[in-house]
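Visitor: my questions are about this predicted structure, shown below with the sequence.
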Amino acid sequence: VNASRLNSLLTKKEEDEKKKNTIIWVLAIIGAIAAVAGIAFAVYKFFTPDYLEDFEEDFDDDFDYDFDDDRPVAIFCEVIMKKGDICQGKIVESHFPDSAYADCEGEKVLIKKGILGQTVEFAITKKRKGKIEGRVLNVVEKSWLEDNKNPCIHYETCGGCTYQTISYENQLKLKDTQIKELMKSATDNDFLWEGVIPSTKYQAYRNKMEFSFGDEKKDGELALGMHKKGSHYDIVNVFGCKIVDSDFTKLLELTLNFFKERNIAYFHKNTHTGFLRHLLVRRSEYTGEILVLLVTTSSFGFIEDPNVLRDASTLGDAEIALIREWADYIKVECDKGILNGSIGGILHTKNDSYADAVLNQGTTLLYGNDYITERLNGLDFKITPFSFFQTNSKGAEVLYTVAGKYIGDTVGKSVFDLYSGTGTIAQLLAPESEKVYGVEIVEEAVEAAIENAKKNGLDNCEFIAGDVLKVVDTLGFNPDIIILDPPR
């Protein structure tokens, strides 16, 4: 019985093998025929004169595109342009504040921080719904606008400034064109253009900077400065920065050297470990007073997400001791007379947030005052670490003078200053106005505004902390004048 069953199974196996081989041969023959047919079809199409005409007609029907008879290859390249491709083109449009369009074989590619007239090499980063975006890799040919012979030494690598290679005169011309175009689109071209008014100070003009800790390359030495051009991770040391007073860069260098010598790590966004985050510096143009604020996490080690913690994190004894040692070091070094100004206050802020931003989760005063005083158009303003204030004090005086000219006579009138910050505009208008209301969502700024008004002897200013869109409805009347200076 077993022998008979075995013979039966062997016979069936042989039959299955024959069927399998037959199927394989059939499929092979079909594949060969298809391959030959495909080659023949391709050869036929290639040597057929009507091929390009048919292609152009189909392309025109599908994409509503006028084909140039002398550009079939260029058009074909445009169609297949894809993410990751390296291209070259000339910047033909420039828009405020920092966007531009490069022309590449008839395609407009949106890129950031390009200058009108430059020829650039760029990589395609996004292509969606007919819109293409790219990232500049290098400048092949400079623009005719780039006539500054002495730009910042960090310009090639630092991502902080776009127009360092352009003279201030040409920067004004470029901005004049860009702002005029914005006005045209916003007003249907119904406006009187009076031009751009230059600032009285355009170098070493900034009164506030936020510097980031990191490294200049992966696993490199500790750095403290600005983000590298086109990078969210790499940091460039900017000891020769031209848009701030040298006091900023001296404090930058002192702080960096202090933590490098002690081998303290910066906060790594991916691993959520590390201590150092930012250095915030504010300087009064009028008094020369300086606020220095160090921002760190709460621990040298792993940082828990504060959004999932039941209780707020606290700094350990070792972390507190290091921060105080840094503050003492800064004070001692600056007392040697190395600054143009003077230290008004030194502070520390804890920030355990995973977001790459300067957030206040608790601030401690380590030395001096938690504010500096700035003077604009004869009025004094208290500036705290996180309050909003125009970053160019000299430019702000020009701005507010022009705004006052447009507003005109305010005698006996009520004014709403919305998004008022520390109340600069409100207080500049208050001497002649009947009543001025300032609304600002940052409570620290509102507290400073109230103090500023008292210091300036203004008793007709009222500052309210809250969301502008909600607070305005509660005031119960319509003002004569509304001033809007909203955040970007």
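Guide: Sure thing, it's come through.
Visitor: and the pLDDT for residue 336?
Guide: pLDDT for residue 336: 94.
Visitor: next, it: phi, psi?
Guide: Note on residue 336: backbone dihedrals following degrees, to the nearest 10 are phi -80, psi 0.
Visitor: tally of neighbours for it?
Guide: Counted by other C-beta atoms under 10 Å, the residues lying close to residue 336 total 7. For every residue, glycine as well, the C-beta is placed using N, CA and C.
Visitor: mind listing the strands for the stretch 201-350 of the chain?
Guide: Under the criterion DSSP state E, counting those that start in this stretch, the stretch 201-350 of the chain contains strands at 208-215, 222-227, 235-237, 276-283, 289-296, 342-350.
Visitor: these into CSV, with extra columns for mean pLDDT, distance to residue 430 and mean neighbour count?
Guide: Putting the strands of the stretch 201-350 of the chain into CSV (pLDDT from 0 to 100; distance: least, C-beta to C-beta, whole Å; neighbours: other C-beta atoms under 10 Å) gives the following:
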stretch, mean pLDDT, distance to residue 430, mean neighbour count
strand 208-215, 95, 25, 21
strand 222-227, 95, 38, 22
strand 235-237, 94, 43, 22
strand 276-283, 97, 24, 24
strand 289-296, 97, 24, 24
strand 342-350, 96, 26, 21
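Visitor: dump the ones you listed to JSON lines, plus distance to residue 445.
Guide: Shown next, in JSON lines, are these (distance: least, C-beta to C-beta, whole Å):
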{"stretch": "strand 208-215", "distance to residue 445": "13"}
{"stretch": "strand 222-227", "distance to residue 445": "25"}
{"stretch": "strand 235-237", "distance to residue 445": "29"}
{"stretch": "strand 276-283", "distance to residue 445": "13"}
{"stretch": "strand 289-296", "distance to residue 445": "15"}
{"stretch": "strand 342-350", "distance to residue 445": "16"}
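Visitor: wait, which of those is closest to residue 310?
Guide: strand 342-350 (17.1 Å; C-beta to C-beta).
Visitor: of the strands of the stretch 201-350 of the chain, give the one that comes closest to residue 91.
Guide: Using C-beta to C-beta, the strands of the stretch 201-350 of the chain put strand 222-227 closest to residue 91, at 22.4 Å.
Visitor: pLDDT below threshold where in the chain?
Guide: Within the chain, the stretches with pLDDT under 70 are 1-16, 20, 34-80, 488.
Visitor: residue 257: how many residues sit nearby?
Guide: 14.
Visitor: oh, I was asking about residue 27
Guide: 10.
Visitor: same thing with residue 450?
Guide: 19.
Visitor: what's across from the spatially closest residue to it that is not a sequence neighbour in the sheet?
Guide: Leaving aside its sequence neighbours, residue 450 sits nearest to residue 463 (C-beta to C-beta, 6 or more residues apart in numbering; 5.3 Å). Note on residue 463: beta-bridge partners by DSSP bridges are residue 438.
Visitor: hmm, back to that, so which of the strands of the stretch 201-350 of the chain comes closest to residue 101?
Guide: strand 222-227 (23.9 Å).
Visitor: so what are the sheet partners of that closest one and their directions?
Guide: When DSSP bridges is applied, strand 222-227 pairs with strand 208-215 (antiparallel), strand 235-237 (antiparallel).
Visitor: give me the contacts around it.
Guide: With C-beta atoms under 8 Å, 6 or more residues apart in numbering as the contact definition, strand 222-227 has outside contacts at 154, 158-160, 211-216, 234-239, 241, 252, 255-256, 259-260, 264-266, 276, 279.
Visitor: format the strands paired with strand 222-227 as CSV; extra columns: distance to residue 176.
Guide: Below are the strands paired with strand 222-227 laid out as CSV (distance: least, C-beta to C-beta, whole Å):
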stretch, distance to residue 176
strand 208-215, 26
strand 235-237, 30
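Visitor: tell me which of those strands sits nearest to residue 119.
Guide: The closest of the strands paired with strand 222-227 to residue 119 is strand 235-237. By C-beta to C-beta, the value is 24.9 Å.
Visitor: state the number of residues packed around residue 374.
Guide: Residue 374: 25 neighbours (other C-beta under 10 Å).
Visitor: for it, give me its contacts.
Guide: Each residue near residue 374 by C-beta under 8 Å, 6+ apart is listed here: 207, 284-287, 380-381, 383, 389, 393.
Visitor: how about residue 201: what's its closest non-neighbour residue?
Guide: residue 394 (4.2 Å).
Visitor: so which bits of stretch 96-113 are buried?
Guide: 100-102, 104, 107, 109-113 (16 or more other C-beta atoms under 10 Å).
Visitor: now, among these, which is nearest to residue 487?
Guide: Nearest to residue 487, judged by C-beta to C-beta, of the buried residues of stretch 96-113 is residue 112 at 20.7 Å.
Visitor: next, find the distance separating that closest one from residue 289.
Guide: Residue 112 sits 36 Å away from residue 289, going by C-beta to C-beta, to the nearest Å.
Visitor: then residue 400?
Guide: Residue 400 is 21 Å from residue 289, by C-beta to C-beta.
Visitor: now do residue 406
Guide: For residue 406 relative to residue 289 (C-beta to C-beta), the value is 32 Å.
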